[in-house]
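In: heads up, no residue letters with this:
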DNA sequence: ATCTCTGTTCACAA
DNA sequence: GTTGTGAACAGAGA
């Protein structure tokens, strides 16, 4: 489920473990989840203290004492949760960190998510030093958006919005939401989009979802496309609209839009 | 059985 | 060299 605000929500689920010592580490039997790291390497977290969580777009970074940094991505179906201190790992609990009072669980039944461990005294690992500005960062300027739209002028707006190098944290529903709120068809060529308007809508969507979904998984406004885009039979929430929403595959991903409010190009 | 899916990466085409 | 596309990855639910 995870896009920007969902990732922030999940990262915060480990907060009950803050300032606690990791007593024991469980790693599941699927090496793919750990990519190039031998799963046994994660045992180094035992004996450290969990200090801090942060996110950048869809990436999560957890700081532990002794210069250890655990980074992770939730893929399509990843989730973080806590369990009782004796939590027995399920088949899809790839990493579990046990403290005296809780278990910090990284669960992912598909395995598009991943974790890695870096050692780096006091500063975040190298990959976290050179990331593009997030959408709510002041450096995410209209000029930056304008440049991006020009470079990818022929790419359909919806598809381009999924580019994490330019729009960190935007996923499938957020990209559809941006198109909906701009009243632009998802196939609109990026080069024709007004950069200031795009930036404004992007920031508003990030801001609101960080105040709702990221805090307690509460619903975004009923005027958004998001609550209606999943199921068959969804109707456009636009004032006096109510048109049946359309779902079609665009560049390999499901796009959803209102054929009246976002007419074809 | 067949299809779907809130993501990323890779090979390859243009 | 850069940009754009579809397939592959894996597993559960409809």
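Out: Done, it's in. Small disclaimer: the values here were computed from a predicted structure and weren't measured.
In: What is the end-to-end distance of stretch A:48-60?
Out: This stretch, stretch A:48-60, spans 18 Å end to end (CA to CA, to the nearest Å).
In: Show me what it is in contact with.
Out: A:2-4, A:7-8, A:10-12, A:14-15, A:17-22, A:61-66, A:68, A:71-74, A:80, A:97, A:99, A:104, A:128, A:131, A:134, A:164, A:168-171 (CB atoms under 8 Å, 6 or more residues apart in numbering). All C-beta atoms are positioned from the backbone trio N, CA, C, and that covers glycine.
In: which ones among those come in contact with DNA strand B?
Out: A:2-3, A:73, A:164, A:171 (CB under 7 Å from any atom of the strand).
In: How far off centre is the lengthiest helix in chain A?
Out: The helix spanning the most residues in chain A, taking DSSP state H as the definition, is helix A:195-211. Averaging C-alpha positions (CA atoms, centre = their mean, to the nearest Å) puts helix A:195-211 15 Å from its chain's average.
In: again, but for stretch A:183-197
Out: Mean-position distance between stretch A:183-197 and its chain equals 23 Å (CA atoms, centre = their mean).
In: avg pLDDT for that stretch?
Out: Averaged over stretch A:183-197, pLDDT sits at 97.
In: for that stretch, which positions count as buried?
Out: A:184-188, A:190, A:193, A:195 (16 or more other CB atoms under 10 Å).
In: got the contact list for that stretch?
Out: Applying CB under 8 Å, 6+ apart, the set of residues contacting stretch A:183-197 is A:142-143, A:145-146, A:148-150, A:152-160, A:175-176, A:179, A:182, A:250, A:255, A:257, A:261-265.
In: same for DNA strand C: which of those residues are within range?
Out: A:152-156, A:159-160.
In: Of these, keep whichever come out buried.
Out: Using 16+ other CB under 10 Å, the buried ones in these are A:152, A:155-156, A:159-160.
In: Would you convert these into a markdown table that also reports secondary structure?
Out: Below are those laid out as a markdown table (DSSP: H, G, I helix; E, B strand; the rest coil):
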| residue | secondary structure |
| --- | --- |
| A:152 | coil |
| A:155 | coil |
| A:156 | strand |
| A:159 | helix |
| A:160 | helix |
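In: filter the residues you listed by proximity to DNA strand B?
Out: Answer for those near DNA strand B: none qualify (CB under 7 Å from any atom of the strand).
In: Distance of the closest residue to DNA strand B within the stretch 151-265 of chain A relative to residue A:206?
Out: Going by CB to the nearest atom of the strand, DNA strand B is nearest to residue A:171 of the stretch 151-265 of chain A, at 2.3 Å. From residue A:171 over to residue A:206 the distance is 12 Å, taken as CB to CB, to the nearest Å.
In: any common contacting residues for these two?
Out: residue A:4.
In: which residues sit in contact with residue A:122?
Out: residue A:67.
In: Is it correct that residue A:124 is in contact with residue A:69?
Out: Yes - using CB atoms under 8 Å, residue A:124 is in contact with residue A:69, at 6.2 Å.
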